[in-house]
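**Q** Got a sequence here, can you model it:
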Amino acid sequence: MTAHPAVFSPRHSDRIASPDSASLEASFDVLVIGGGHAGTEAAVAAARAGASVALVTGALEQIGQLSCNPAIGGIAKGTVVREVDALGGIMARATDLASVQFRMLNRGKGPAVWAPRAQCDRGLYRRAVRQLLEAQPNLLTIQGMVARLLFDASGERVAGVETVEGRRFGARAVVLTTGTFGRGTMHIGTGTRISGGRAGEAPSVLLGEQLDALGLTTERFKTGTPPRIDGRSVRTGDLTLQHSEIDAFDYSWSHFWTTPRARREDGAWHTRHPAQMPCWLTMLDEAGTSIIAEHLAESAMYGGAIASRGPRYCPSVEDKVVKFPDKREHQIFLEPEGHDTHELYVNGLSTSLPAPVQLAVLRSVRGLEEVRMTRAGYAIEYDYYPPTQLSATLASRAVHGLYFAGQVNGTTGYEEAAGQGVIAGLNAARWVQGQEPVMLGRETSYIGVLIDDLVMRGVDEPYRLFTSRSEFRLTVRQDNALARLGEIGNGLGLFTAAEQAQLAVRLGAVREAYALAERTSMTPAVADPLLLAVGSAPLLHAVRAIELTRRQDVSLATLFAAAGVGGDLPVDAVVGAELEIKYERYFDKERNRANRLKAQGSVPLDASLDYASMHTISIEARQKLTRLRPSTLAQAGQIPGISPADLQNLLMELRRGS
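**A** Model (predicted):
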């Protein structure tokens, strides 16, 4: 939908003459509504960009809450966390302060698709986010539920907010990140319906009603959460134990840490993380699936209480039973909630069945025969605003100065929310400052892929990132996020002097690892045992480490260790150098494609272009270009239904009109 500010005429009491109005308690450049993962990153990004910022949220104690799974990262998501970190965000930093288990997923598929994932102490993570947020200069946190937006005298530009308590705050730009709180409704079975954005917290209703009046299209999605259980009632001896790999990795590059990680005398790394905790793996088998099948009609989803679509790639256990009837077992991970509780999160058992049925299903699982359920799972329906109503900056096309980020844009996941938050916060600040917006291309980042997909393609189910969504996944990896985006963040003025110094060190580390591989000589005596161990031919004479690294299954880190060099280099730097060496030819080909896309991205498309008059372009292309209003030729090329011929003709039309 392409809306126009004129469709909404705010009440006279919504209008304020200027940010200095006497009715205001305080005024800010940017005000962020919501304290979840999108909101906290938006607030930090705007503040780092030099704006005065306020974050208004319903409960200050819940800032940074891990509402569902107590974990950060995963396939593609872990790359986004490191991209957020490379732009000065706090998600990776908070994760390192709260991580109780770290694993690098996809190890068997090679480093190019490695995916970092960390289990977090839920309480520590929340406190870490708030600590990092409140340590940021120019940023104030305020408790309050926003009831409505305020507008300037023209009625076309936001000028602040008013809370249900009657407090008024002025703002030149507002970032909306209300997550699942927009008229949220929780369901347990078909008979229990509770208004709320999260268990125990009230929904945002009045603001949603006002946004309807703005002329914005509003839709509903649903998501869910599993039950939690008392770990003391679990027979962990019957389950598969999964330990942490924390000694090998950190999430954040800069950390605000004063010294780099160092090795102990026994060769292990000094760690800055909390004590590590294990997870356990078990299975839901036919006993449990039979109970679920028997009670499907009592599920909120299958009993008719919910009609909204949920996330395909994070299905409820009811969906698993219905859609995969021949599957005999479904994995369940029991994940710790933190050091200060025995509570475990039952990952893989998201459900909206009645609470007694949930308990029966739990007790059908191996190791959980006598389990005590501490909290029942539930499904939640909430408002979202189809993101094709936004520009690539995440600004509303309908209301000047209003930005959207997170689940309100139809996404699912903490990481997708954080990535949007950074861009929305940066662009809100830069809009206020009269500077050019920040738009990351698909060739630069997963954040670029995410936002491009949202605003150009839209969503018909909660959007989740995967490596398969990126055309450039060989060169857009978790290990090189800092190399891709660090200089961009530095150029935007997002780092302190100390962070700038650390950035230079970290970016230089990959170059140093590559140079070290070029100058390190490997003799047969040193290299042959390593080569024979992986089935590679022995040496006839000494060769450089870089040549051996090009062989299949030969690790640069292993070569460095055997040669006694590179011990002070970060793990990511060595991995990055190894990938550049092994896949140089493929990377060059992908970078050439990325450069072509970047060239297209430099061709701007004015928002006022009359596509309807461009008869050399197909009718479908004209209609979609008119509706979606891409800002560059590259964005136009990502719209489904627009062919290469349409792009070529569009370029011709642009030249003809210039």
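**Q** since we're on Asp568, how many residues are nearby?
**A** The local packing count at Asp568 equals 11, with neighbours defined by other Cβ atoms under 10 Å. Every residue, glycine included, has its C-beta placed from N, CA and C.
**Q** where does this structure have low pLDDT?
**A** 1-21, 110-112, 246-249, 254-273, 313, 597, 644, 658 (pLDDT under 70).
**Q** show me where the stretch 51-200 of the chain has strands.
**A** Listed in chain order, the strands of the stretch 51-200 of the chain (DSSP state E, counting those that start in this stretch) span 53-57, 71-73, 99-105, 115-120, 139-143, 146-151, 158-163, 168-176, 185-188, 192-195.
**Q** ugh, typo on my part, it should be the stretch 501-650 of the chain
**A** With DSSP E, counting those that start in this stretch applied, the stretch 501-650 of the chain shows strands at 521-522, 543-544, listed in chain order.
**Q** How is the most centrally placed residue in the chain classified with respect to secondary structure?
**A** Closest residue to the average C-alpha location of the chain: Glu415 at 1.8 Å, with Cα atoms, centre = their mean. Classification of Glu415 by DSSP: H, G, I helix; E, B strand; the rest coil places it in helix.
**Q** For Glu381, which three-state class applies?
**A** Glu381 falls in the strand class when you classify it by three-state DSSP.
**Q** who's in contact with it?
**A** The neighbours of Glu381, taking Cβ atoms under 8 Å, 6 or more residues apart in numbering as the test, are Gly184, Thr185, His187, Arg220, Phe221, Lys222, Ile306, Ser308.
**Q** try it again with 6 Å
**A** Contact criterion Cβ atoms under 6 Å, 6 or more residues apart in numbering gives Thr185, Arg220, Lys222, Ile306, Ser308 as the residues in contact with Glu381.
**Q** so how far is Asp572 from the fourth one?
**A** Between Ile306 and Asp572 the distance, using Cβ to Cβ, to the nearest Å, works out to 43 Å.
**Q** Which of the two has more residues huddled nearby?
**A** Regarding Ile306 and Asp572, a neighbour count based on other Cβ under 10 Å identifies Asp572 as having more, with 26 against 22.
**Q** Once you drop chain neighbours, what's closest to that one?
**A** Excluding its sequence neighbours, the residue lying closest to Asp572 (Cβ to Cβ, 6 or more residues apart in numbering) is Asp479, at 4.7 Å.
**Q** Leu149 now?
**A** Val158 (5.3 Å).
**Q** So what's the residue count around the one you found?
**A** Val158 sits with 24 neighbouring residues when counted by other Cβ under 10 Å.
**Q** ok, now the one 5 residues further on?
**A** The criterion is other Cβ under 10 Å. On that basis, Thr163 has 20 neighbouring residues.
**Q** now swap in His615 and tell me
**A** Other residues near His615 come to 10 when the count uses other Cβ under 10 Å.
**Q** Tell me how far it lies from Ala621.
**A** Going from His615 to Ala621 by Cβ to Cβ gives 11 Å.
**Q** cool, and Met91?
**A** Noted for Met91: a distance of 38 Å to Ala621, by Cβ to Cβ.
**Q** quick one, which of these two is more surrounded?
**A** For Met91 and Ala621, the more surrounded residue by other Cβ under 10 Å is Met91, and the numbers stand at 33 against 22.
**Q** Please look at that one and Val81 and confirm they touch.
**A** Yes: using Cβ atoms under 6 Å, Met91 is in contact with Val81, at 5.3 Å.
**Q** would you say Pro274 is within a helix?
**A** No: with three-state DSSP as the criterion, Pro274 is coil rather than part of a helix.
**Q** how about it, what does it touch?
**A** Counting by Cβ under 6 Å, 6+ apart, Pro274 makes contact with Val100.
**Q** Identify the residue nearest the residue nearest to the centre of the chain in space, chain neighbours excluded?
**A** The shortest distance from Glu415 to any residue other than its chain neighbours is 3.9 Å, reached at Lys77 (Cβ to Cβ, 6+ apart).
**Q** distance of the one you found from Val317?
**A** When Cβ to Cβ is applied, the distance between Lys77 and Val317 equals 22 Å.
**Q** and what of Ile447?
**A** With distances taken as Cβ to Cβ, Ile447 is found 31 Å from Val317.
**Q** what do you get for Glu165?
**A** Counting by Cβ to Cβ, the gap from Glu165 to Val317 is 40 Å.
**Q** out of these two, which sits in the busier spot?
**A** Residue environment comparison for Glu165 versus Val317 gives the larger neighbour count to Val317, 26 against 9, counting by other Cβ under 10 Å.
**Q** show me what contacts the residue nearest to Leu149?
**A** Shown here is Val158, whose contacts under the criterion Cβ under 6 Å, 6+ apart are Leu149, Val174, Gly401, Leu402.
**Q** Which single one of those residues is nearest to Ala71?
**A** Nearest to Ala71 among the contacts of Val158, counting by Cβ to Cβ, is Val174 at 30.5 Å.
**Q** The top helix by length along the chain - contacts with which helices or strands?
**A** In the chain, ranked by residue count with DSSP state H as the criterion, the top helix is helix 497-519. Counting contacts by 3 or more Cβ pairs under 6 Å, 6 or more residues apart in numbering; DSSP states H and E, helix 497-519 packs against helix 545-549, helix 571-582.
**Q** quick revisit: quick one, what contacts the residue nearest to the centre of the chain?
**A** The contact partners of Glu415, taken as Cβ under 6 Å, 6+ apart, are Lys77, Val80, Val81.
**Q** Distance check, the first one against Ala153.
**A** What it means is Lys77. Look at Lys77 and Ala153: by Cβ to Cβ, they are 43 Å apart.
**Q** Can you pick out the residue with more neighbours from these two?
**A** Higher neighbour count among Lys77 and Ala153: Lys77, with 25 against 13, using other Cβ under 10 Å.
**Q** ok, that one to Ala92 distance?
**A** 12 Å.
**Q** go on, Gly564?
**A** The spacing between Gly564 and Ala92, counted by Cβ to Cβ, is 31 Å.
**Q** Counting neighbours, go ahead and name the busier of the two.
**A** Ala92 (28 against 9).
**Q** That one reaches Trp253, doesn't it?
**A** No: with contact defined as Cβ under 6 Å, Ala92 does not count as touching Trp253 (7.9 Å).
**Q** what about the nearest residue to Arg117 once chain neighbours are set aside, how many neighbours?
**A** For Arg117, the nearest residue in space outside its immediate sequence neighbours is Gly73; the separation is 3.9 Å by Cβ to Cβ, 6+ apart. A count of neighbours around Gly73, defined by other Cβ under 10 Å, yields 29.
**Q** and what of Asp606?
**A** Number of residues near Asp606 (other Cβ under 10 Å) recorded here: 10.
**Q** now do Arg477
**A** Using other Cβ under 10 Å, Arg477 has 25 neighbouring residues.
**Q** His342 too?
**A** For His342, using other Cβ under 10 Å, the count is 15.
**Q** Which residues lie in contact with Met283 in this structure?
**A** Applying Cβ under 6 Å, 6+ apart, the residues near Met283 are Glu329.
**Q** What's opposite it in the beta bridge?
**A** Partner residues in beta bridges with Met283: Gln331, with DSSP bridges as the criterion.
**Q** Out of the strands of the stretch 501-650 of the chain, which one sits most buried?
**A** Burial among the strands of the stretch 501-650 of the chain, expressed as mean neighbours by mean count of other Cβ atoms under 10 Å, is greatest for strand 521-522, which shows a mean of 17.
**Q** Please work out which residues outside that one touch it.
**A** Where contact means Cβ under 6 Å, 6+ apart, the residues beyond strand 521-522 that reach it are Ala542, Val543, Ala545, Leu548.
**Q** what sits against the last one?
**A** When you say that, I think you mean Leu548. Listed by Cβ under 6 Å, 6+ apart, the contact set of Leu548 reads Met522, Val554, Leu559.
**Q** Could you find the closest non-adjacent residue to the first one?
**A** Pointing back at Met522 there. By the measure of Cβ to Cβ, 6+ apart, the closest residue to Met522 outside its immediate chain neighbours is Ala545, 5.4 Å from it.
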